[in-house]
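*Asks:* predicted model and sequence below, questions to follow.
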Amino acid sequence: MDIDGERLPAEAREAVRAHLAGEGRAGSPAGGGSKSGVFVTITDSRGLRGCIGYAEPVMPLYEALRLAAVAAATEDPRFDPLRPGELDAVRFEVTVLDEPALIRAGTPQEYISAITPGRDGLIVRRGGASGLLLPQVAAEYGWSAREFLENTCRKAGLDPDSWMQAGTDVYRFGGRVFSE
């Protein structure tokens with residue numbers, strides 16, 4: 001996919017600015033036709049301020065980017081919505097995701113061997129529960145593959161050892177990270 005990754009954080013910021021100003025949808029640059037999963041992470045001086053996105057390539061990249069940026073700024077249930085006066089104090093990071101691939105493993109050790117923290121992101125699904133952690137999260141916290149699996153289960157609202165139980169699917173994906 002041919003994208004201007006260095007421009008993506010600015011596109012995310014502009015989508016949020018336009019939304020907060022009541023201007024509606026920001027314009028899309030050329031090249032937005034390829035579908036891709038994307039996450040937008042917003043941070044401030046205290047840390048995470050919002051993070052929402054699409055794990056699967058369900059819509060064109062720039063459309064997904066705009067929707068994810070606005071949702072990360074205004075709909076992340078962990079945080080109050082971003083106010084216009086806060087926009088200059090936050091930083092945008094965009095992760096363009098590769099399509100998730102199911103890890104087929106028969107033993108816990110095979111899962112651990114199949115995951116490279118810092119390179120892979122993870123999705124854990126069991127029943128109606130699902131949790132996703134981006135590739136950079138394991139590196140930021142210095143997690144081993146096992147800790148990464150356990151924390152992805154926690155993110156899904158599951159017991160930390162759910163990744164070892166039958167009926168739990170574990171997916172890995174790569175991602176390209178672009179920051180302001």
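*Replies:* Right, received. Where do you want to start? Numbering: from 1, shown residues only.

*Asks:* tell me the spacing between the closest residue to Ser144 other than its chain neighbours and Asn151.
*Replies:* Closest residue in space to Ser144, ignoring its immediate chain neighbours: Pro117 at 6.6 Å, by C-beta to C-beta, 6 or more residues apart in numbering. (Glycine included, C-beta is placed from N, CA and C.) Pro117 sits at a distance of 10 Å from Asn151 (criterion: C-beta to C-beta, to the nearest Å).

*Asks:* cool, and Ala166?
*Replies:* The spacing between Ala166 and Asn151, counted by C-beta to C-beta, is 21 Å.

*Asks:* who has more neighbours, these two?
*Replies:* Set Ala166 next to Asn151 and count neighbours by other C-beta atoms under 10 Å: Asn151 wins out with 19 against 5.

*Asks:* I figured the more buried one was touching Trp143, is that so?
*Replies:* Yes - assessed by C-beta atoms under 8 Å, Asn151 is found in contact with Trp143 at 6.6 Å.

*Asks:* shared neighbours of these two, which are they?
*Replies:* Val137 (C-beta atoms under 8 Å, 6 or more residues apart in numbering).

*Asks:* intersection of neighbour lists for Pro117 and Asn151?
*Replies:* Trp143.

*Asks:* and the residue nearest to Ser144, what are its bridge partners?
*Replies:* Following DSSP bridges, Pro117 is listed with bridge partners Asp120.

*Asks:* Tyr54 reaches Ala64, doesn't it?
*Replies:* Yes - at 5.0 Å, Tyr54 counts as touching Ala64 under the criterion of C-beta under 8 Å.

*Asks:* can you map out the helices along this protein?
*Replies:* Listed in chain order, the helices of the chain (DSSP state H) span 8-20, 61-74, 108-114, 135-141, 145-155.

*Asks:* let me have the ones you listed in TSV, extended by mean pLDDT and distance to Phe173.
*Replies:* Formatted as TSV, the helices of the chain follow (pLDDT from 0 to 100; distance: least, C-beta to C-beta, whole Å):
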stretch	mean pLDDT	distance to Phe173
helix 8-20	95	17
helix 61-74	95	15
helix 108-114	93	12
helix 135-141	94	8
helix 145-155	97	12
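
*Asks:* not counting its neighbours along the chain, what's nearest the spatially most central residue of the chain?
*Replies:* What sits nearest the mean C-alpha location of the chain, by C-alpha atoms, centre = their mean, is Phe39, with 3.6 Å. Residue nearest to Phe39 in three dimensions, not counting chain neighbours: Gly53, with 3.0 Å by C-beta to C-beta, 6+ apart.
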